[in-house]
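Student: Turn this into a structure:
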Amino acid sequence: MYKISIALTFLLTSTTNVFASQPDVTEFLSVLPQYVDWAIEIDKQGQKTGKPLNEADLKLAKDVGVEHPEKVRIVYVEQVPYPYENRTLKQMGEKIGFIGEGITNNAQVFGYAIYVRKGYELDRPKMAHELVHVKQIEQASSLLEYSKKHLVDMAKYGYADAPYEAEAFKANEKYEVK
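Tutor: Purely as a prediction, here's the structure:
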């Protein structure tokens, strides 16, 4: 199982944290547009600096259902970005369990940019998981609407059982090397 990794795009692949009790997300929804504005900028940066998918990953993206796999970029970083400088967003991330002590965010989708922590192996099942999040974002009316739904669902069902994550975890299983 994974620990929670925000992905707001989210999402995040590889970290597990289930809410002990359902947090009231009302306050988070009010600051979510700030997060999404930040995430859009991070995606733009990733589009400029990231590596395009190789042939095998392009095929995987198409198989997963990504409409524009040619736009996906992989960005290797020392630490997956988060708007720590914004006090409100930092508190939101800590309260929800996206960031904080003991939580390692290994990979996160920000639109078409997938940020991956250096040293983390983004193997085929994990890549499929992240590509499912790319597909989900493509299918949403906006990153903000995707993020709202995902945040509310994680609060309601917990990380692993939230519908977007459940779909992505199915991809982990489907593409697991046996």
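Student: mind listing the helices for the protein?
Tutor: 26-49, 55-64, 87-96, 124-139, 143-157, 163-174 (DSSP state H).
Student: and among those helices, the most buried is which?
Tutor: Mean neighbour count (mean count of other Cβ atoms under 10 Å) peaks for helix 124-139 among these, with a mean of 23. C-beta here means a position set from N, CA and C on the backbone, and glycine is covered the same way.
Student: The closest residue to Leu144 other than its chain neighbours and Tyr82, how far apart?
Tutor: Nearest non-adjacent residue to Leu144, counting by Cβ to Cβ, 6 or more residues apart in numbering: Val36, 4.7 Å away. Noted for Val36: a distance of 13 Å to Tyr82, by Cβ to Cβ, to the nearest Å.
Student: Show me how far the helix or strand of the chain with the lowest mean pLDDT is from its chain's centre.
Tutor: Least confident helix or strand of the chain, by mean pLDDT, DSSP states H and E, is helix 87-96 with a mean of 82. Put simply, helix 87-96 sits 16 Å off its chain's centre (Cα atoms, centre = their mean, to the nearest Å).
Student: Stretch 73-93 too?
Tutor: Counting by Cα atoms, centre = their mean, stretch 73-93 comes out at 12 Å from the chain centroid.
Student: what about it, start to end distance?
Tutor: With Cα to Cα, to the nearest Å applied, stretch 73-93 spans 25 Å between its terminal residues.
Student: Surely Val132 is in contact with Glu165?
Tutor: No. At 9.2 Å, Val132 does not count as touching Glu165 under the criterion of Cβ atoms under 8 Å.
Student: joint contacts of those two?
Tutor: Shared contacts of Val132 and Glu165 (Cβ atoms under 8 Å, 6 or more residues apart in numbering): none.
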